[in-house]
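A.B. asks: Quick one: sequence and predicted model below, then my questions.
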Amino acid sequence: MSEYENNSDENDCSSSCEESDSGSDIVVRSHRFLQNLPNLKPQSRAKLWKPVTIPEMRGFIAVILEMGITRRPTIFSYWMKGSRCIPWFAKMFARNRFQLLLKFFHLVDNKTLAPPGHPEYDPCARFQVLVNHVNLVFRQHYIPNQQLSIDESLVGTNAHTVIKQYIPSKKHHQWGVKFWMLCDSLSKYCLGFFCYRGAKSKVDKDEIKEKGLGFVVAEKILLMGNYLNKGYHLFTDNFYTSVELARSLYQKATYLTGTIRRNRKLVPKEAKTVPVNEPKYFTNDPANVFL
């Protein structure tokens, strides 16, 4: 049964994202990042910087969230005048102040990060603290329906990073950072997500080689949210679905329904030759796996 109430505005969401000490941490690290910039030119816009407060940082995040809902082609267009004006943005921030906050917004101290090429280098380290916090908040404020689904999402970016992917089939962005997402199939609420670090990543490398990427992603994202052993029902496409995954989830009191590729391991030979759209059922499995 869902406990979600669809009555929160952007400021409510930003307050949730800024709970505990995270708001003050972001303020301190953003200001520290500016202070560590070397040799600022006299005409630099950074000279206009004024210390940011926690309420102002919450307002900044609220504007970012609203920009994701009200789409405009550029940042400048949110502060346009005339018939296309949206007064709310100008009431929240002057455009130049917003751009300064956007420029110096920082979640971590750069001095604590391992550089590229270092054995401990993590390409997600600059934003991982926010991902962890948001995942926690998502779980605290919502109990999902039984039906869950898993898929990928591409967050567009022009940043130079080794985790940037090119997916031509995506319409909104073709270049970006890929995230694996778990959602409530009925309400579409995002329950949790994590970043795909790429094929060269050493994270879960041995397990992925043994079981496959789809298997590892599905079990990991369910485990992250503590959704195993609770009777949830996961729906997937053929990238994730496998007999091994169905067996593993069934042993953890979790059900799986999805399309499956004919060349997957343990798919019966009879199932591989069935014409498309012709209903046939195959089962000879102690874990009640039906094909």
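C.D. replies: Perfect, thanks for sending it.
A.B. asks: got the contact list for stretch 74-93?
C.D. replies: Under the contact criterion C-beta atoms under 8 Å, 6 or more residues apart in numbering, stretch 74-93 has outside partners 59-60, 62-63, 66-67, 70, 72, 95, 98-99, 101-102. (Glycine included, C-beta is placed from N, CA and C.)
A.B. asks: secondary structure class for the most centrally placed residue in the chain?
C.D. replies: The centroid of the chain falls nearest to residue 193 when counting by C-alpha atoms, centre = their mean (4.3 Å). The local conformation at residue 193, judged by DSSP: H, G, I helix; E, B strand; the rest coil, is strand.
A.B. asks: Just the pLDDT at it, thanks.
C.D. replies: With respect to pLDDT, residue 193 has a value of 96.
A.B. asks: circling back to that earlier point, which one of the contacts of stretch 74-93 is nearest residue 32?
C.D. replies: Proximity of the contacts of stretch 74-93 to residue 32 (C-beta to C-beta) peaks at residue 101, which lies at 14.4 Å.
A.B. asks: okay, the helix or strand the closest one falls within in PDB with CA atoms only?
C.D. replies: Taking DSSP states H and E as the criterion, residue 101 maps to helix 95-104. Extracted in PDB, the C-alpha atoms of helix 95-104 (Å, rounded to 0.1, in the frame of the first residue of the first chain):
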ATOM      1  CA  ARG A  95      20.000  35.200 -12.900                       C
ATOM      2  CA  ASN A  96      23.600  36.100 -12.200                       C
ATOM      3  CA  ARG A  97      23.400  34.900  -8.600                       C
ATOM      4  CA  PHE A  98      21.900  31.600  -9.700                       C
ATOM      5  CA  GLN A  99      24.700  31.100 -12.300                       C
ATOM      6  CA  LEU A 100      27.300  31.800  -9.600                       C
ATOM      7  CA  LEU A 101      25.800  29.200  -7.300                       C
ATOM      8  CA  LEU A 102      25.600  26.700 -10.200                       C
ATOM      9  CA  LYS A 103      29.300  27.400 -11.100                       C
ATOM     10  CA  PHE A 104      30.600  26.800  -7.600                       C
END
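A.B. asks: and the next element down the chain from that helix?
C.D. replies: Scanning forward in sequence from helix 95-104, with DSSP H and E defining helices and strands, the next element found is helix 125-140.
A.B. asks: Within the sheet, what are the partner strands of the helix or strand just after that following helix, with directions?
C.D. replies: Scanning the chain past helix 125-140 towards its C-terminal end, the next helix or strand to appear is strand 147-156 (assignment: DSSP H and E). For strand 147-156, the paired strands and their directions (DSSP bridges) read strand 175-184 (antiparallel), strand 233-236 (parallel).
A.B. asks: rewinding a little: and the helix holding residue 101, what does it pack against?
C.D. replies: helix 22-35, helix 54-69 (3 or more C-beta pairs under 8 Å, 6 or more residues apart in numbering; DSSP states H and E).
A.B. asks: JSON lines for those helices, including distance to residue 81?
C.D. replies: Output for the helices and strands packed on helix 95-104, formatted as JSON lines (distance: least, C-beta to C-beta, whole Å):
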{"stretch": "helix 22-35", "distance to residue 81": "29"}
{"stretch": "helix 54-69", "distance to residue 81": "18"}
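A.B. asks: And these, which one averages the lowest pLDDT?
C.D. replies: helix 22-35 (a mean of 72).
A.B. asks: ok, residue 117 - how many residues close by?
C.D. replies: By the criterion of other C-beta atoms under 10 Å, residue 117 has 6 neighbours.
A.B. asks: what about it, distance to residue 195?
C.D. replies: Using C-beta to C-beta, to the nearest Å, one obtains 20 Å as the distance from residue 117 to residue 195.
A.B. asks: Over to residue 28?
C.D. replies: Taken as C-beta to C-beta, the spacing of residue 28 relative to residue 195 amounts to 24 Å.
A.B. asks: Then residue 37?
C.D. replies: In this structure, residue 37 and residue 195 are separated by 27 Å, where distance is defined by C-beta to C-beta.
A.B. asks: Fine by me, we can end here.
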